[in-house]
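**Student:** no sequence on this one, just coordinates:
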DNA sequence: CTGAAAGCGCTTACAG
DNA sequence: CTGAAAGCGCTTACAG
């Protein structure tokens, strides 16, 4: 007579290893060994095949919570991004998921937009609770006394390297220098900067790179609090409008979405691009090639970046020693919103 | 003398409830009760406060794998989308994550693009293994004999209702009718359809809706295998070019990205929009308003759709009875790629 | 109000 | 080659 299910235990529907073992006439440990691919040399091939068959016919799937509890590491990776609805981060998500899936891992995300003060704690909690095995942090740096400071072995930083942590750095400083050099060579003595209105470290780093480049080329980089906006269409077009009102003729933008907003406002006002206004974006979103004239922009190759970040994180989780920083090239792609000579 | 850690157990760093209990001088069950918010009337307030304090000082986070194993339900929801890098699905991801986080749940995704034949099995496995508590399926229908058939209580379908399953339906048929009516009223007797080259059910359903509407308006809806493309820039612009070569003057597109590609090709060829070519998209991506002329399109409100889907899924998981289908309105937004009379 | 104990479903030495 | 057993860290009746 089968044991009555204890009333303490919650209702559950799935087949367990014990049930497979009973049906196959073997021990539960034999089932476990076979299912986890550790049967070689420990279970007779015929027995293993029989177990496989019975497991298949019962639709058995090892319970991941039990496995995680027992082994101490989960199969979930976190990806911290500003906003999953931004096409670049969408690409990162997509590519990181593909890369993780290739290793039998799943991906979950943490959005920082609107959670600027809490994402670090939330991520730290998810790491402490064993929910996440590790995480990739895009575009952000750690705050003073961050609860993530001592998580070196479980974190990888992307876009803005974090000292002492594994990082995927982007060569955007070189791209910024190229952009500034290009605009300076067209005779601009002033370059305006259309900035993203988010506290993420990545944007602070982008203006800084441009300012450095401007200094080297003897050109002025102008910034203004009124030339800042989130990526939403209305604020972005409004900020772009103010920048045009203020007479900008050469503009570098924190992001393609901002560049596209400026592009749009220029078209509306019949400002000729690139003759009367030159625009450089960052990202090389698909849309950069769907507007006319096509956008000159700094290409951020999401697929390579995501692959590098996942590889670095897997090394970290496996305790493998790796060079601390991987650098990904981010070429300036000259298209039609800058003049060609 | 502290007990030596069993050599069988894997290395683990985190604080456990037992450690908190020891430090606080109470039982492990008291700690559990307090941490899960079930202390009211069971633990003296002073004791509870003390436990809270000790837990906080030790940085204690309940292990989620243990909780999941014990309670039988995980805190992870799945979102099945064609491709996370598509801005609409990026928005869905973003909004669904916000909605889920509001209930203490996390979100993970499953991409169908490139995994047309395996996503159902993969999702079924993740459900069976207890990895996912439930999932939201966007734009897809179940195949014959799908392993997901009997998962009614854990699934919600979005975009294309699945018979017998909880669904968030979109009123896109009405929008398609409006679009066709608009174009017909401008004197077009033929409307061309620029189609998405993915097997997802949602696209099949969109053409079908347009074909129905065309029939009702005595107008011909033309489709052609050469007028199909994925959302990548090159194939999309190539297909748009063929459609223009073939003389289309009024075009409905499966997606804004396709509409934008057509918009781009038209600009390149100096085809005047909307006078010589009218374009209707689907999605109302941000970019629809960043091109000039702005795109007429069917608005898909990702935030409402995601919120409705998460709400329905939570009802399902809680065993609450709900109406099977929630319908979200998807208005046709008339902008400048269609004529205004 | 509090604690001891069972048990969720696995993995992994260990004994045979 | 195989099985019995311990134990991962919780939640939850149950007894006091």
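**Tutor:** Looks like it came in fine. The structure displayed is predicted, hence computed values, not measured ones.
**Student:** Flag every buried residue along the one helix or strand residue A:127 maps to.
**Tutor:** Under the criterion of DSSP states H and E, residue A:127 resides in helix A:119-128. Within helix A:119-128, the residues scored as buried using 16 or more other Cβ atoms under 10 Å in any protein chain shown are A:119-120, A:122-128. For glycine as for every other residue, the C-beta is placed from the backbone atoms N, C-alpha and C.
**Student:** Just give me the closest of those to residue B:259.
**Tutor:** Closest to residue B:259 out of these is residue A:119 (35.1 Å), distances taken as Cβ to Cβ.
**Student:** And that closest one, how far from residue A:158?
**Tutor:** 15 Å (Cβ to Cβ, to the nearest Å).
**Student:** swap in residue A:283?
**Tutor:** Between residue A:283 and residue A:158 the distance is 14 Å, computed by Cβ to Cβ.
**Student:** circling back: and the next element down the chain from the helix holding residue A:127?
**Tutor:** Following helix A:119-128 in sequence, per DSSP H and E, is strand A:134-138.
**Student:** right, is that next one up against chain B?
**Tutor:** No. Looking at strand A:134-138 against chain B by Cβ under 8 Å from any Cβ of the partner chain, there are no contacts, and the closest approach is 12.1 Å.
**Student:** Which neighbouring elements make contact with that strand?
**Tutor:** Counting by 3 or more Cβ pairs under 8 Å, 6 or more residues apart in numbering or on different chains; DSSP states H and E, the packing neighbours recorded for strand A:134-138 are strand A:76-81, helix A:87-101, helix A:119-128, strand A:155-159, helix A:302-317.
**Student:** Give me the contact list for that strand.
**Tutor:** Residues external to strand A:134-138 that are found in contact with it (Cβ atoms under 8 Å, 6 or more residues apart in numbering or on different chains): A:77-82, A:89, A:92, A:96, A:110, A:123, A:126-127, A:154-159, A:162, A:202, A:309-310, A:313, A:316-317.
**Student:** let's go with 6 Å and repeat that
**Tutor:** With contact meaning Cβ atoms under 6 Å, 6 or more residues apart in numbering or on different chains, strand A:134-138 is reached by A:77-81, A:123, A:154-159, A:309, A:313, A:317.
**Student:** Stretch A:53-62 now?
**Tutor:** Taking contacts as Cβ under 6 Å, 6+ apart, the residues outside stretch A:53-62 that touch it are A:15, A:20, A:23-24, A:35, B:125, B:128-129.
**Student:** in it, what counts as buried?
**Tutor:** Neighbour counts using 16+ other Cβ under 10 Å place A:54-55, A:60-62 of stretch A:53-62 among the buried residues.
**Student:** and that stretch, how far apart are its ends?
**Tutor:** Terminal residues of stretch A:53-62 are spaced 15 Å apart (Cα to Cα, to the nearest Å).
**Student:** quick one: average confidence on it?
**Tutor:** In this model, stretch A:53-62 carries a mean pLDDT of 94.
**Student:** Could you give the average pLDDT over stretch A:273-281?
**Tutor:** Confidence over stretch A:273-281 (mean pLDDT, whole number) is 97.
**Student:** Do any residues in that stretch lie close to chain B?
**Tutor:** No. Applying Cβ under 6 Å from any Cβ of the partner chain, one finds stretch A:273-281 separated from chain B by no less than 11.2 Å.
**Student:** May I see the buried residues of that stretch?
**Tutor:** Applying a neighbour-count criterion of 16+ other Cβ under 10 Å, one finds A:273-274, A:277-281 buried in stretch A:273-281.
**Student:** cool, stretch A:146-166 as well?
**Tutor:** Within stretch A:146-166, the residues that count as buried by 16+ other Cβ under 10 Å are A:147-149, A:151, A:154-162, A:165-166.
**Student:** Give me every residue in chain A lying close to chain B.
**Tutor:** On the criterion Cβ under 6 Å from any Cβ, chain B has as its neighbours in chain A the residues A:10, A:12, A:14, A:61, A:63-66, A:68-69, A:71-72, A:84-85, A:87, A:90-91, A:93-94, A:106, A:108, A:125, A:128-131, A:233, A:260, A:264, A:267, A:286-287, A:289-292.
**Student:** just the buried members of those residues?
**Tutor:** Going by neighbour count (16+ other Cβ under 10 Å), the residues of chain A next to chain B have A:14, A:61, A:63-66, A:68-69, A:72, A:84-85, A:87, A:90-91, A:93-94, A:106, A:108, A:125, A:128-131, A:233, A:260, A:264, A:267, A:286-287, A:289-292 buried.
**Student:** that older thread, in strands, which of the residues of chain A next to chain B fall?
**Tutor:** Secondary structure assignment by DSSP state E places A:106, A:108 of the residues of chain A next to chain B in strands.
**Student:** before we move on, back to that, so which of the contacts of stretch A:53-62 is the closest to DNA strand C?
**Tutor:** When the contacts of stretch A:53-62 are compared for distance to DNA strand C, the smallest value, 5.7 Å, is given by residue A:35; criterion: Cβ to the nearest atom of the strand.
**Student:** Which residues are in contact with that closest one?
**Tutor:** With contacts defined as Cβ under 6 Å, 6+ apart, residue A:35 is in contact with residue A:62.
**Student:** give me phi/psi at it?
**Tutor:** Backbone torsions of residue A:35, given as degrees, to the nearest 10, read phi -70, psi -30.
**Student:** Understood, closing this out.
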